[in-house]
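In: no sequence for this one, just the structure:
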Ligand code: SF4
């Protein structure tokens, strides 16, 4: 097992609102090894994006704040780091890609200027050299006519091209870790597949570890080595991708998989898990998934489940595996 590049321990990120404290990330621990692709999956509101923002120390304060835990990046805890220290790490050792590239690109500057400025913030090179490097990077992300594209403005590019440019910017500083938050959600299916292929290629060629935040288990199946499933601010299942997709243990993961379209599906309507994700912390005592769980039994409304190892390397947070007789109910 290679050294973890990122080791998050007991992370707690709370939002302090007029309605009270919301534990958006509630005691979450995970690690990512060099060159590994880790998927963090769940419906919106499950805490996956706040986990990613916390890792980069980008949770808006107020109302959000990291209130506990450690974020060990290459062995150093980022939690006490100042904004100035974090700025040196973000976009340099940790690259970021978000869902909507248009909001991350500046509409008034050319693509070339934006990519070369990203390079020059982190590398001491001349403007001319940075432009050359930018063209090279834009070619590497599969954009034809890179020499012409550098002089274009973002609005002249398609959504898929803009996302490639964002990847070029993120990769231009050769980050050790790339955090991608729903990087393909806004794109159509064909472009989505191309972007995922590109990310896999960069992962293999540069050994960049990737944290892939997504609601889409199809994206997970395509790209990830290991998966964390989050629900209501907590990890409810973790394991390697094959084991999670072939043999899910938590009722929530089973529900997510059941809601995927099947190749020969006859029915018109897709299955969806009944109800909505509760606000983290709103369900006191008991399993937060209980109101939506078709396997729920009495204890589920009273006892909070812990993460337990089901098979080596595969854990789930469910009383079916810990309460005597629970497995028979399931
Ligand atoms: Fe369902 Fe109970 Fe397991 Fe929660 S603990 S997921 S309610 S069976």
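Out: On my side now, so go ahead. Worth saying up front: this structure is predicted, and the values here are computed from it rather than measured. Residues are numbered from 1 along each chain as shown.
In: Show me the strands in the stretch 201-330 of the chain, by range?
Out: Using DSSP state E, counting those that start in this stretch, the strands assigned to the stretch 201-330 of the chain run over residues 209-214, 226-231, 234-240, 307-311, 314-317.
In: Next, format those strands as TSV and append distance to residue 78.
Out: (Glycine included, C-beta is placed from N, CA and C.) Below are those laid out as TSV (distance: least, C-beta to C-beta, whole Å):
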stretch	distance to residue 78
strand 209-214	14
strand 226-231	19
strand 234-240	20
strand 307-311	24
strand 314-317	25
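In: Let's have those in CSV, adding mean pLDDT, distance to the ligand and mean neighbour count.
Out: Rendered in CSV, the data for those read as follows (pLDDT from 0 to 100; distance: least, C-beta to the nearest ligand atom, whole Å; neighbours: other C-beta atoms under 10 Å):
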stretch, mean pLDDT, distance to the ligand, mean neighbour count
strand 209-214, 97, 22, 26
strand 226-231, 98, 9, 26
strand 234-240, 98, 7, 23
strand 307-311, 96, 11, 14
strand 314-317, 98, 7, 22
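In: what's the closest of these to residue 120?
Out: Taking C-beta to C-beta as the criterion, strand 209-214 is the member of these that comes nearest to residue 120, at 24.7 Å.
In: what about the longest helix along the chain, average pLDDT?
Out: For the chain, the helix that runs over the most residues, judged by DSSP state H, is helix 189-206. The predicted model gives helix 189-206 an average pLDDT of 89.
In: for that helix, which positions count as buried?
Out: Of the residues in helix 189-206, those buried by neighbour count under the rule 16 or more other C-beta atoms under 10 Å are 191, 192, 194, 195, 196, 198, 199, 202, 203.
In: How about the contacts made by the last one?
Out: Put plainly, it is residue 203. With contacts defined as C-beta atoms under 8 Å, 6 or more residues apart in numbering, residue 203 is in contact with 35, 37, 178, 209, 210.
In: cool, and the fourth one?
Out: By C-beta under 8 Å, 6+ apart, the residues touching residue 195 are 160, 163, 164, 167, 183, 184, 187.
In: any idea how far it lies from residue 16?
Out: Spatial separation of residue 195 from residue 16 under the definition C-beta to C-beta, to the nearest Å is 36 Å.
In: which bits of the stretch 201-330 of the chain sit near the ligand?
Out: With the criterion set to C-beta under 6 Å from any ligand atom, the stretch 201-330 of the chain comes near the ligand through 251, 287, 289, 290, 293, 295, 296, 300, 305, 318, 319, 320.
In: ranking those by neighbours, who comes first?
Out: Using other C-beta atoms under 10 Å as the neighbour test, those are led by residue 318, with 28 neighbours.
In: how deep is the residue in the stretch 101-250 of the chain positioned nearest to the ligand tucked in, by neighbour count?
Out: Among the residues of the stretch 101-250 of the chain, residue 250 lies closest to the ligand, at 6.0 Å counting by C-beta to the nearest ligand atom. Counted with other C-beta under 10 Å, the burial measure for residue 250 works out to 27 neighbours.
In: Show the contacting residues for it.
Out: Taking C-beta under 8 Å, 6+ apart, one finds 229, 236, 237, 289, 316, 317, 318 in contact with residue 250.
In: can you pull out the helices in the stretch 51-200 of the chain?
Out: Counting by DSSP state H, counting those that start in this stretch, one finds helices in the stretch 51-200 of the chain at the ranges 83-89, 101-104, 111-122, 127-140, 146-149, 159-171, 189-206.
In: Where among those helices is average confidence lowest?
Out: Set side by side, the helices of the stretch 51-200 of the chain give their lowest mean pLDDT on helix 101-104, at a mean of 69.
In: For the residue nearest the centre of the chain, list each beta-bridge partner.
Out: Most central in the chain under C-alpha atoms, centre = their mean is residue 213, positioned 1.9 Å from the mean C-alpha point. Partner residues in beta bridges with residue 213, using DSSP bridges, are residue 40, residue 181.
In: ok, the residue nearest to residue 39 when sequence neighbours are not counted - how many residues close by?
Out: Leaving aside its chain neighbours, residue 39 sits nearest to residue 224 (3.7 Å; criterion: C-beta to C-beta, 6 or more residues apart in numbering). For residue 224, the tally of surrounding residues (other C-beta under 10 Å) stands at 25.
In: which residues in the stretch 201-330 of the chain form helices?
Out: The residue ranges that make up the helices of the stretch 201-330 of the chain, judged by DSSP H, counting those that start in this stretch, are 217-223, 241-246, 251-258, 326-329.
In: Contacts for the first one next, please.
Out: By C-beta under 8 Å, 6+ apart, the residues outside helix 217-223 that reach it are 37, 39, 41, 184, 192-193, 196, 199-200, 210, 212, 214, 227, 241, 244-245, 256-257, 260.
In: Residue 112 and residue 118, how far apart?
Out: With distances defined as C-beta to C-beta, the gap from residue 112 to residue 118 amounts to 11 Å.
In: Who has more neighbours out of the two?
Out: In this view residue 112 and residue 118 are compared by other C-beta under 10 Å, and residue 118 has more residues nearby, 24 against 21.
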